[in-house]
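**Student:** The sequence and its predicted three-dimensional model are supplied below.
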Amino acid sequence: MSRAFVREDDQAGVTALPDRPISPHPNLVTRRGLALIERNVAAFRQQLAAATAAEDQEAMARAARELRYWAARHATAELTEPPADTETVVFGTAVTGVLPDGTQVTYRIVGEDEADPSEGRIAWTAPVARLLLGSSVGDVRRIPAGELEIVAIDPTPEPPP
């Protein structure tokens, strides 16, 4: 009899999922970012428990992989908040600038897992964030969208979700 038709264990057909890559950069997080990581750890623990109870091997593999990632990110998280009196763009600040056409844009410099460019949150490791870090009001930085004149810096932290 061919071995191709013999099921050797309950994991037949389940693909082992590789771990998600973890950034080599320090894991700087805002208070909001830390809360998001903690929320993900809790959610994937629940998913893993549910998948285990249902004996769903594929769901278990997916949840376990995500839980490993978020647990590692939680373990290495470095809560970083900007000083309330900062006059330069640092991690955690919101920086507002004006483009040559008059368009005003605001970026908040956040941790890698918290980044959401559609909401103006950019990772501190992103090229635009790197260009903005260290800037002060009045400085002009060349970003992909054009020259950006810094008009405001807000160190007020975002509330956790």
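**Tutor:** Thanks, I have the structure now.
**Student:** Sketch out the helices for the protein, chain order is fine.
**Tutor:** With helices called from DSSP state H, the chain shows them at 31-53, 57-76, 127-132.
**Student:** what about stretch 53-69, distance to the chain center?
**Tutor:** 21 Å (CA atoms, centre = their mean, to the nearest Å).
**Student:** Run through the neighbouring helices and strands of the strand of greatest length in the chain.
**Tutor:** Criterion DSSP state E: the longest strand present in the chain is strand 146-154. Strand 146-154 sits against strand 94-98, strand 140-143, with contacts defined as 3 or more CB pairs under 8 Å, 6 or more residues apart in numbering; DSSP states H and E. C-beta here means a position set from N, CA and C on the backbone, and glycine is covered the same way.
**Student:** and this protein, what are its domains?
**Tutor:** According to automatic domain parsing, the chain is divided into the following domains: 23-79, 94-154.
**Student:** And the helices of the chain: which comes nearest Glu119?
**Tutor:** Closest to Glu119 of the helices of the chain is helix 31-53 (CB to CB; 11.4 Å).
**Student:** which parts of the closest one are buried?
**Tutor:** Arg32, Gly33, Leu34, Ala35, Leu36, Ile37, Asn40, Val41, Phe44, Gln47, Leu48, Ala51 (16 or more other CB atoms under 10 Å).
**Student:** Give the rounded mean pLDDT of that helix.
**Tutor:** For helix 31-53, mean pLDDT rounds to 96.
**Student:** can you give me how far that helix is from the chain middle?
**Tutor:** Taking CA atoms, centre = their mean, one finds helix 31-53 lying 15 Å from the centre of the chain it belongs to.
**Student:** Kindly export that helix (C-alpha atoms) in PDB.
**Tutor:** Extracted C-alpha coordinates of helix 31-53, given in PDB (Å, rounded to 0.1, in the frame of the first residue of the first chain):
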ATOM      1  CA  ARG A  31       1.500  54.200  26.200                       C
ATOM      2  CA  ARG A  32      -1.100  53.700  23.500                       C
ATOM      3  CA  GLY A  33       1.200  51.300  21.700                       C
ATOM      4  CA  LEU A  34       1.800  49.300  24.900                       C
ATOM      5  CA  ALA A  35      -2.000  49.000  25.400                       C
ATOM      6  CA  LEU A  36      -2.400  47.700  21.800                       C
ATOM      7  CA  ILE A  37       0.300  45.100  22.300                       C
ATOM      8  CA  GLU A  38      -1.300  44.000  25.600                       C
ATOM      9  CA  ARG A  39      -4.700  43.800  23.800                       C
ATOM     10  CA  ASN A  40      -3.200  41.600  21.100                       C
ATOM     11  CA  VAL A  41      -1.600  39.200  23.600                       C
ATOM     12  CA  ALA A  42      -4.900  38.800  25.400                       C
ATOM     13  CA  ALA A  43      -6.800  38.300  22.100                       C
ATOM     14  CA  PHE A  44      -4.400  35.700  20.700                       C
ATOM     15  CA  ARG A  45      -4.400  33.800  24.100                       C
ATOM     16  CA  GLN A  46      -8.200  33.600  23.800                       C
ATOM     17  CA  GLN A  47      -8.000  32.500  20.100                       C
ATOM     18  CA  LEU A  48      -5.400  29.800  21.000                       C
ATOM     19  CA  ALA A  49      -7.600  28.500  23.800                       C
ATOM     20  CA  ALA A  50     -10.700  28.400  21.600                       C
ATOM     21  CA  ALA A  51      -8.800  26.700  18.800                       C
ATOM     22  CA  THR A  52      -7.300  24.200  21.300                       C
ATOM     23  CA  ALA A  53     -10.800  23.400  22.600                       C
END
